[in-house]
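> All I have is the shape, not the residue letters:
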């Protein structure tokens, strides 16, 4: 009997293992940190300097590495201001790592943390049902919108949570990334998934335009070493392939013609390129900075 492909998200332990490997082999975090160091200070400079406290909201904050870097920039631009940091993160494991990271980092005396064990959509529902009116100076959603059903509605919702001169920071895979190319060609042949959508910066830009949002777009060069995908018997390679296709044990369970064609395309430009004997996947990202309608910058 032929093997049946299933979504990687149905095997939580394998997904977590593949995700950790993705972070390890990708330059995503380095690229985001460079953006935070070089671009974010100017972006947040329009937040009112007279404020004695700042409200920050992180959606899908994971283990908090990026969050804490953002907070450090805010504290430099607004010295003395208290920072109220709300975190929306459904994973217990990631939240534990975030809290451990806080315990090891200095300079957080004026920062308070509030945790919401929820998905993005669950948080939306809570705020709507409770009629909460808290406004945020900065909201960031990094690699989150793949898990949202109605992109324009979600973006409009969070823009409405911005304080005057507040900013919404969105980061996800670029429309010219290797994943975007593979998804367009193979998406209909991969396992259906109610939790994950093949969304890129191109779709987000269309959504922002559709709701009349004001924004700036930045493109970040990112890559990922996928050489192991072509090493026979490599567990690392199999996990990387699983993450690329969002399929559990893709190499084992995919029909041979699909597997062979996809592996062949993985080697081609612009999906990947060869550098120093390594096969480097195009993992480029798009970053959007959205301002609310009341902003004067």
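Received the coordinates, thanks. Given the structure is predicted, the values throughout are model-derived calculations rather than measurements. Residues are numbered from 1 along each chain as shown.

> what ranges do the helices span in this protein?
If you assign secondary structure with DSSP state H, the helices in the chain sit at 12-25, 28-38, 40-44, 65-77, 92-104, 120-130, 151-159, 178-186, 201-210, 235-245, 250-253, 256-266.

> so which of these gets nearest residue 167?
Within the helices of the chain, the stretch nearest residue 167 is helix 40-44; the backing value is 6.0 Å (CB to CB). Yep, even glycine has a C-beta here, placed from its N, CA and C like the rest.

> what packs against the closest one?
In this structure, helix 40-44 packs against helix 65-77, strand 162-173, with contacts taken as 3 or more CB pairs under 8 Å, 6 or more residues apart in numbering; DSSP states H and E.

> Any idea how far the first one is from the middle of the chain?
Once both centres are worked out by CA atoms, centre = their mean, to the nearest Å, helix 65-77 turns out to sit 17 Å from its chain's centre.

> returning to that earlier point: tell me which of the helices of the chain sits most buried.
Across those, the average number of neighbours (mean count of other CB atoms under 10 Å) peaks for helix 235-245, which reaches a mean of 22.

> elements contacting that one?
Under the contact definition 3+ CB pairs under 8 Å, 6+ apart, helix 235-245 sits against helix 12-25, helix 178-186, helix 250-253.

> Let me see the contact set for the residue most central in space within the chain.
Closest to where the C-alpha atoms of the chain average out (CA atoms, centre = their mean) is residue 143, at 1.2 Å. Taking CB atoms under 8 Å, 6 or more residues apart in numbering as the criterion, residue 143 is in contact with 28, 60, 171-173.

> which one of these sits closest to residue 134?
Closest to residue 134 out of these is residue 60 (18.6 Å), distances taken as CB to CB.

> Kindly present the helices and strands packed on helix 40-44 as TSV, with separate columns for mean pLDDT and distance to residue 22.
Converted to TSV, these look like this (pLDDT from 0 to 100; distance: least, CB to CB, whole Å):
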stretch	mean pLDDT	distance to residue 22
helix 65-77	93	14
strand 162-173	95	12
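
> Number of residues surrounding the closest residue to residue 166 other than its chain neighbours?
Spatial nearest neighbour of residue 166, excluding adjacent residues (CB to CB, 6 or more residues apart in numbering): residue 137 at 4.9 Å. Residue 137 has 25 neighbours, counted by other CB atoms under 10 Å.

> now this protein, which segments are flagged as low pLDDT?
Low-confidence regions of the chain, defined by pLDDT under 70, span residues 1-3, 48-49, 194-196, 293-297.

> Hmm, residue 202 and residue 177 touching each other?
No - assessed by CB atoms under 8 Å, residue 177 is found out of contact with residue 202, at 10.0 Å.

> Relative to residue 7, how far out is residue 243?
Separation of residue 243 from residue 7 (CB to CB, to the nearest Å) stands at 12 Å.

> now do residue 71
As it turns out, when the distance is counted by CB to CB, residue 71 lies 34 Å from residue 7.

> Can you tell me which of the contacts of residue 143 comes closest to residue 126?
The nearest member of these to residue 126, counting by CB to CB, is residue 60 at 15.3 Å.

> Which residue is the nearest non-sequential neighbour of the closest one?
Once its chain neighbours are removed from consideration, residue 60 has its nearest residue in residue 144; the separation is 3.9 Å (CB to CB, 6+ apart).
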